[in-house]
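1. Sequence and predicted model, in that order:
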Amino acid sequence: MLLHELLRNSAHKYPSKTAVVYQKERVTYLELDKRSDHCAHVLLDAGIRKGNRVALFLDNSVDYLVAYFGILKSGGVVVPLNTQFVHRELESLLDDFTPRFVITDTAHRPAFKGLIDPKFLLDTGNFIHEDSPFRVQAPDISLKDLAMIIYTSGTTGKPKGVMLSHENLFSNAASIVEYLHLKHSDSIMVILPFYYSYGNSLLTTHIKVGATLVIDNRFIFPNVVLDLMEKEQVTGFAGVPSHFAILLRKSALRKYNLPKLRYVTQAGGGMPASMIEEFTQAMPHVKFFVMYGQTEASARLTYLNPAFLKEKLGSIGKAIPGVQIRVLNEQGVEVEAGQIGEMVARGRNVMLGYWNAPEETANVLRKEGLWTGDLAKVDEEGFIYMVSRKKEMIKSGANRISPLEIEDVVSRMPGVMECAAIGIPDEILGEAIKLCVVKNGIPFSENDLLLFCKKNLAAFKMPRVVEFVESLPKTSTGKIKRSELVGKA
């Protein structure tokens, strides 16, 4: 199924059902379908052709959804951009994918001054026609055609444009719907930006089943979001580790009942097992799904069934329906249980490649499948355990140390809100361990921390340097920018 047909089908099945709640707006599926039809008409009238890239520079909103589906209906390719990008970053990306149009709003329009001809800059005000008479006849589009280019968050270097087809995105959405058991009666609290692949998966999955997207861009005030979750009786919540850290340390989460909350999902990097335990103790009626994925896989690759959460705590589970995951050595041979190798994925969700980067594409898309760059091991029952990003493993002497293991241990110490372990140059060992720690208000010293580590970590895993920081550098989607911490070392 083509991506925009998800909306068309749900509008046919559930025309009066609320599709989106945002601020004071409550938009039904029929209204959203009509408004996106009008957006597509405007684009076609302006001269868009099949395969033209259209930049989407909007915060999460009803307008974002209208433009998203409008672009797809017109035969265009959606390229969502982080609204926090500055002039230099925008210039670099626009040069890379050469958009036919940019869709933005009045607030964000100044960001493109001097970057694009104003006649190719379309304002969302052009699409506010709920009772549009237009029924768009889309160009001849196939499942293999390009639907989106999502730029990676750049945690390991320059962002790359991940090319995703209609088939990639639809197959991943269908798989996620299956294992989360999503229905049209569900609703999701959306705090993740839609320009992020995890956020985009919330959009596609919930539109597919006719569920409701409840959008709030104010997670800096977590209790405000919790109030809205309670008011709207949402059934799902999705976040990255930093979101759960904020809920546990800087919100009144434990005072909320949230009886309708059925499940939460966590992805976007490894989350300390101790934090998962703490959250599930605070919300024992809520199913906790640990997930793992990559933009290159349209979002999702594995999930841990909540039924195995206690037994397999620390695991990222098994492959999602329709996906095959193997852990291979450098020769492409599957490793034995307990041995470390690189995760390699196959499935209809795996990207077409990187935009304008054939060499980088060839490096990761090989005969075995998508080489993820993530190191892992598998237990005797087939459950996968992440070890580290290949580039983030700390190489200290003869040892290869996972920063995730150190972070999991340190996060268990009272007073630690979050932390990050990195390797820093060492003349003798090659790399020594540096630990960056954000406190939570409970006083403790560096010596206290080191004593805690000594009790819980082997000697070769002990931090050499400890730095207390106000916050950890992160991407706009909440992933820790380890490269910046290394740069400060």
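-> Alright, I've got the coordinates.

2. which parts of stretch 446-459 are buried?
-> 449, 452, 453, 457 (16 or more other CB atoms under 10 Å). Where C-beta positions appear, they are placed from N, C-alpha and C, glycine not excepted.

3. With distance to residue 286 and pLDDT as added columns, please give those in a markdown table.
-> Below are the buried residues of stretch 446-459 laid out as a markdown table (distance: CB to CB, whole Å; pLDDT from 0 to 100):
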| residue | distance to residue 286 | pLDDT |
| --- | --- | --- |
| 449 | 31 | 96 |
| 452 | 29 | 94 |
| 453 | 32 | 92 |
| 457 | 31 | 85 |
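
4. Format those residues as TSV; extra columns: distance to residue 313 and secondary structure.
-> Formatted as TSV, those follow (distance: CB to CB, whole Å; DSSP: H, G, I helix; E, B strand; the rest coil):
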residue	distance to residue 313	secondary structure
449	23	helix
452	20	helix
453	21	helix
457	18	coil
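
5. quick check, nearest of these to residue 290?
-> Nearest to residue 290 among the buried residues of stretch 446-459 is residue 457, at 22.9 Å by CB to CB.

6. Confirm for me that that closest one is in contact with residue 407.
-> No - distance between residue 457 and residue 407: 11.1 Å, which falls outside the contact criterion (CB atoms under 8 Å).

7. so where does residue 228 fall, helix or strand?
-> helix 222-232 (DSSP states H and E).

8. Which helix or strand lies directly C-terminal to that helix?
-> Following helix 222-232 in sequence order, the next helix or strand is strand 236-239 (DSSP H and E).

9. list the buried ones in that following strand?
-> Residues of strand 236-239 classed as buried under the neighbour-count rule (16+ other CB under 10 Å) are 236, 237, 238, 239.

10. repeat for stretch 108-116
-> Buried residues in stretch 108-116, defined by neighbour count with 16+ other CB under 10 Å: 108, 111, 112, 116.

11. What is the nearest of the residues you listed to residue 258?
-> Of all the buried residues of stretch 108-116, residue 108 has the smallest distance to residue 258: 33.2 Å, by CB to CB.

12. ok, that closest one - contacts?
-> Contacts for residue 108 (CB atoms under 8 Å, 6 or more residues apart in numbering) come out as 57, 58, 83.

13. ok, the residue lying closest to residue 319 once chain neighbours are set aside - contacts?
-> Once flanking residues are discounted, residue 319 sits nearest to residue 325: 4.2 Å by CB to CB, 6 or more residues apart in numbering. Shown in contact with residue 325 (CB under 8 Å, 6+ apart): 301, 302, 318, 319, 343, 344, 345, 384.

14. Identify each buried residue in stretch 319-338, please.
-> By neighbour count on 16+ other CB under 10 Å, the buried set for stretch 319-338 is 319, 320, 323, 325, 326, 327, 328, 335.

15. Identify the farthest-apart pair in those.
-> Farthest pair in these (CB to CB) is 320 and 335. Separation: 21.3 Å.

16. per-residue confidence at residue 134?
-> Listed pLDDT for residue 134 reads 57.

17. Sorry, wrong one. I was asking about residue 398.
-> pLDDT, read off for residue 398, is 63.

18. Surely residue 164 touches residue 143?
-> No - counting by CB under 8 Å, residue 164 does not reach residue 143; the two are 11.7 Å apart.

19. neighbour count winner among those two?
-> Taking neighbours as other CB atoms under 10 Å, residue 164 and residue 143 compare with residue 164 leading, 28 against 16.

20. all strands of the stretch 1-150 of the chain, in order?
-> 18-22, 25-28, 53-56, 77-80, 101-104, 121-123, 146-151 (DSSP state E, counting those that start in this stretch).

21. Tell me which of these lies nearest to residue 199.
-> The closest of those to residue 199 is strand 77-80. By CB to CB, the value is 9.0 Å.

22. For the closest one, list every residue counted as buried.
-> 77, 78, 79, 80.

23. Show me what that strand is packed against.
-> On a contact count with 3 or more CB pairs under 8 Å, 6 or more residues apart in numbering; DSSP states H and E, strand 77-80 meets strand 53-56, helix 62-73, strand 146-151.

24. Top of the contacts of residue 325 by number of neighbours, please.
-> Neighbour counts for those peak at residue 301, which has 31 neighbours (criterion: other CB under 10 Å).

25. List the contacts of the residue nearest to that one when sequence neighbours are not counted.
-> Excluding the flanking residues, the one nearest residue 301 by CB to CB, 6+ apart is residue 293, at 4.7 Å. For residue 293, the contact set (CB under 8 Å, 6+ apart) comprises 197, 198, 267, 299, 300, 301, 302.

26. Swap in 6 Å and give it another go.
-> 267, 299, 300, 301 (CB atoms under 6 Å, 6 or more residues apart in numbering).

27. Could you do residue 141 as well?
-> Contacts of residue 141 by CB under 6 Å, 6+ apart are 2, 75.

28. Residue 26 too?
-> Taking CB under 6 Å, 6+ apart, we find residue 26 in contact with residue 18.

29. Now tell me which helix or strand of this protein has the poorest mean pLDDT.
-> Within the chain, no helix or strand scores below helix 482-488, which has a mean of 73 by mean pLDDT, DSSP states H and E.

30. helices or strands next to that one in the packing?
-> Counting contacts by 3 or more CB pairs under 6 Å, 6 or more residues apart in numbering; DSSP states H and E, helix 482-488 packs against strand 416-426.

31. Could you export the next helix or strand after the strand it packs on as CSV, keeping only the C-alpha atoms?
-> With elements assigned by DSSP H and E, the helix or strand that comes after strand 416-426 is strand 430-439. What follows is strand 430-439 as a C-alpha-only set of coordinates in CSV (Å, rounded to 0.1, in the frame of the first residue of the first chain):
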residue,chain,number,x,y,z
GLY,A,430,45.3,3.5,24.1
GLU,A,431,42.0,4.7,25.7
ALA,A,432,41.0,5.4,29.3
ILE,A,433,37.4,5.8,30.5
LYS,A,434,35.9,9.2,31.1
LEU,A,435,32.5,9.5,32.8
CYS,A,436,30.3,12.6,32.4
VAL,A,437,27.6,12.7,35.1
VAL,A,438,24.5,14.8,35.6
LYS,A,439,23.4,15.0,39.2
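
32. Tell me how far strand 430-439 lies from the chain's centre.
-> Relative to its chain's centre, strand 430-439 lies at 25 Å (CA atoms, centre = their mean, to the nearest Å).
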